[in-house]
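[1] could you look at this predicted model? Sequence included:
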Amino acid sequence: MKRKFLLGATLLLCMGLLTGCGGKDYDFYIFNVKSENADALEKVCKAYGDETGQKIKVFSIGTTDGIDLLRADMNSNNKPAIYSVNAETVPEWEEGGFLKDLREASTPEMRELAESIPQGMRLSSGNGTNYGIPYNVEGYGYIIDTKMVDALFGEENTEKWLEDFKTATYDEFEALVIAADDYIQNGTAGTVQLSGNAYTFQPEKNEISSQLNGVFAVAGAEKWTYGDHMSNFALNAVLDSLSAAQNATDEQVDELKSPLEKSIQVEDLMTSHAAGAKGALKRSPDFINSTTSGYDQAIQIFADHKSIFIKQGNWVYSNIEKINQEIVKTITMLPVKMPFTQEDIKVSGMTEEKFNRSVPEFVPSYYAINKKAEPEEQEKAEQFLYWLNTSKEGQDFIINDFAFIPFTADASVEFENPLNNALIGYLREGNVLSNPFNGAPPTWGQEVYGKILMEQYFIKEDWEADAYEKIADECISQWKALRKLGEED
């Protein structure tokens, strides 16, 4: 009954949105599901219309029922020429014949633009398909306040420390964490090595470093922060993209064992050195309590200088700014270190060194062109997306009005958000990992990898010797079981 009601409401709404049943008073129509850029998209379409004389109809929605509205429009006489799509919805639109492969775009310029999308960021079901133009780029890593580095190692050493951290090994990182914890808890001003260079903790703590009570701000109650994002590092060792994960063979899934074990080793390190609101946060039932160890609490802990690192993405900028308007001016993003050896890494061209200086960057949503729209509408849609992603005016809208990182960003692009600027740097250098976690069997990241850690391990301070292996084995077993279940459905 609910579905029938939704579809009925959908049809009524669509009838109200469109002019008549046959005629159209626009050149092409965009169906947008990213409500946060609704006003900006209207603005950019008006500017494009003023420049070209074309009239673009835009409909933006941000509810979970948006897919039903889009389905109704796709089966009407007024189909959108451009619509929002993500990896999860590709199978439906591909099967229905609605996705235009941009390798078959009508102009060489559009084909070239599509080809310029980094391989790991392409919207594909495999076999080289390229179905979408990215809305924006997101990414995550260890966020750190450079003023904290000043306080720990001396302002004169900060720039070099940050550069050396990017290329440091996992062993150097682990030694840094242990030494930092000793400094925080006992005031021991030890010396650490990063990329072979020595750095000594300041003998006296200042007003910033004296507030520390742990090395990491950890949201233990938020399975996605480790179930998706931390498992993603293990997946990147074997699977170079979302589509590679969707099409992973049993042999590849088995090859995930060692990377998964080592990603859990990092989880152990981080959660053993966690900061809390009132002191070091020990693994216990409180560690997974949303009132003491949730997303907001972790950001508060970091913004209050109680931790050195927080593993998060560029999306946390506004959350941190609300708490501490000063710290957002001096934060940056560093790579998450993994103890992988070259033997663990199966992705062609990826090395242990490159892995440890890279950060995951990926695309949450794409603009797709509707293969079932009228040919002239498809061509106009291509022209608009090309203009949006290559012209100076289009780029200005993406950066300043959408506040998005364009996948075409170069050295001239700069944001107020320093996390965005850091991600652009990694993107420009080619030091990026992909998002195969989005191609894992549905629920695997959070309800298998994440749930096991949360419910069985984060609640106890000491783990058994074979914990890493046991968790990895269960993750692999459940991946295969969930995939089989999906195939049967």
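    Nice, thanks for sending it over. Every value quoted in this text rests on a predicted model; they were computed, and no experiment measured them.

[2] in the protein, where's the longest helix?
    Ranked by residue count, the top helix of the chain under DSSP state H comes out as helix 467-488.

[3] which strands and helices lie in contact with that one?
    Applying 3 or more CB pairs under 8 Å, 6 or more residues apart in numbering; DSSP states H and E, one finds that helix 467-488 contacts helix 250-255, helix 257-271, helix 444, helix 451-452. Placement of C-beta: from N, CA and C, glycine included.

[4] take those and write them to a markdown table, including distance to residue 411.
    Formatted as a markdown table, the helices and strands packed on helix 467-488 follow (distance: least, CB to CB, whole Å):
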| stretch | distance to residue 411 |
| --- | --- |
| helix 250-255 | 36 |
| helix 257-271 | 32 |
| helix 444 | 38 |
| helix 451-452 | 42 |
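
[5] what about the strands in the stretch 351-489 of the chain?
    359-362, 366-369, 432-433 (DSSP state E, counting those that start in this stretch).

[6] pull up the pairing partners for the second one, direction included.
    It refers to strand 366-369. Strand pairing for strand 366-369, using DSSP bridges, gives strand 82-85 (antiparallel), strand 133-134 (antiparallel).

[7] re the thing from before, closest one to residue 196 among the helices and strands packed on helix 467-488?
    In terms of CB to CB, the element of these nearest to residue 196 is helix 257-271, at 21.4 Å.

[8] just checking, next helix/strand downstream of that closest one?
    Proceeding N to C from helix 257-271, the next assigned helix or strand is helix 290-293, under DSSP states H and E.

[9] that next one - what's its average pLDDT?
    Across helix 290-293, pLDDT averages out at 91.

[10] closest to residue 451 out of the strands of the stretch 351-489 of the chain?
    That would be strand 359-362 among those, by CB to CB, at 21.4 Å.

[11] the closest one pairs with which strands, parallel or anti?
    The pairing partners recorded for strand 359-362 under DSSP bridges are strand 138-145 (antiparallel), strand 432-433 (parallel).

[12] show me what the helix or strand just after the first one is packed up against.
    Once the chain leaves strand 138-145, the next helix or strand it forms, by DSSP H and E, is helix 146-153. In terms of contacts (3+ CB pairs under 8 Å, 6+ apart), helix 146-153 is packed against helix 158-167.

[13] neighbouring contacts of whatever helix or strand comes next after the helix it packs on?
    Next along the chain after helix 158-167, taking DSSP H and E as the criterion, comes helix 170-186. The contact list for helix 170-186 (CB atoms under 8 Å, 6 or more residues apart in numbering) reads 152, 165, 168, 188-195, 201, 212-215, 269, 273, 280, 308, 337-340, 356.

[14] among those, name the buried ones.
    The neighbour-count test (16 or more other CB atoms under 10 Å) marks 152, 165, 168, 192-194, 201, 212-215, 269, 273, 280, 308, 337-340, 356 as buried among the contacts of helix 170-186.

[15] and the next element down the chain from the helix or strand hosting residue 296?
    Using DSSP H and E, the element containing residue 296 is helix 295-303. Next helix or strand after helix 295-303 toward the C-terminus (DSSP H and E): strand 309-313.

[16] hmm, who's touching that next one?
    If you take CB under 8 Å, 6+ apart as the criterion, strand 309-313 is touched by 138-144, 215-218, 225, 229-230, 270, 298-299, 301-302, 316, 334, 336, 419.

[17] looking at the helices and strands packed on helix 467-488, spot the one closest to residue 82.
    With CB to CB as the measure, helix 444 is the member of the helices and strands packed on helix 467-488 nearest residue 82 (31.2 Å).

[18] tell me the mean pLDDT over the closest one?
    When pLDDT is averaged over helix 444, the result is 97.

[19] and residue 427, how far is that from residue 262?
    Look at residue 427 and residue 262: by CB to CB, to the nearest Å, they are 25 Å apart.

[20] err, residue 349, not the other one
    Counting by CB to CB, the separation of residue 349 from residue 262 is 20 Å.

[21] and the angle from the helix holding residue 296 to helix 146-153?
    Orientation check (axes from the mean of the first three to the mean of the last three CA atoms, to 10 degrees): helix 295-303 against helix 146-153 gives 50 degrees.

[22] which of the residues in helix 295-303 are buried?
    Across helix 295-303, burial judged by 16+ other CB under 10 Å covers 295, 297, 298, 299, 300, 301, 302, 303.

[23] need the max-distance pair from these.
    Top of the distance list for the buried residues of helix 295-303 (CB to CB): 295 and 303, 12.6 Å.

[24] if we can go back for a sec, a markdown table for the strands paired with strand 366-369, including mean pLDDT?
    Listed next are the strands paired with strand 366-369 as a markdown table, based on pLDDT from 0 to 100:
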| stretch | mean pLDDT |
| --- | --- |
| strand 82-85 | 96 |
| strand 133-134 | 96 |
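
[25] most tightly packed of those strands?
    strand 82-85 (a mean of 25; mean count of other CB atoms under 10 Å).

[26] what mean pLDDT does the helix or strand following that strand get?
    Going down the chain from strand 82-85, the next helix or strand is helix 90-95, by DSSP H and E. Mean pLDDT, helix 90-95: 93.

[27] residues in contact with the residue nearest to residue 137 when sequence neighbours are not counted?
    Spatial nearest neighbour of residue 137, excluding adjacent residues (CB to CB, 6 or more residues apart in numbering): residue 405 at 4.3 Å. Taking CB under 8 Å, 6+ apart, we find residue 405 in contact with 136, 137, 138, 314, 399, 413, 415, 420, 423, 424, 427.

[28] how about the strands of the stretch 351-489 of the chain in a markdown table, adding distance to residue 453, mean pLDDT and mean neighbour count?
    Shown next, in a markdown table, are the strands of the stretch 351-489 of the chain (distance: least, CB to CB, whole Å; pLDDT from 0 to 100; neighbours: other CB atoms under 10 Å):
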| stretch | distance to residue 453 | mean pLDDT | mean neighbour count |
| --- | --- | --- | --- |
| strand 359-362 | 19 | 94 | 24 |
| strand 366-369 | 31 | 97 | 25 |
| strand 432-433 | 21 | 94 | 24 |
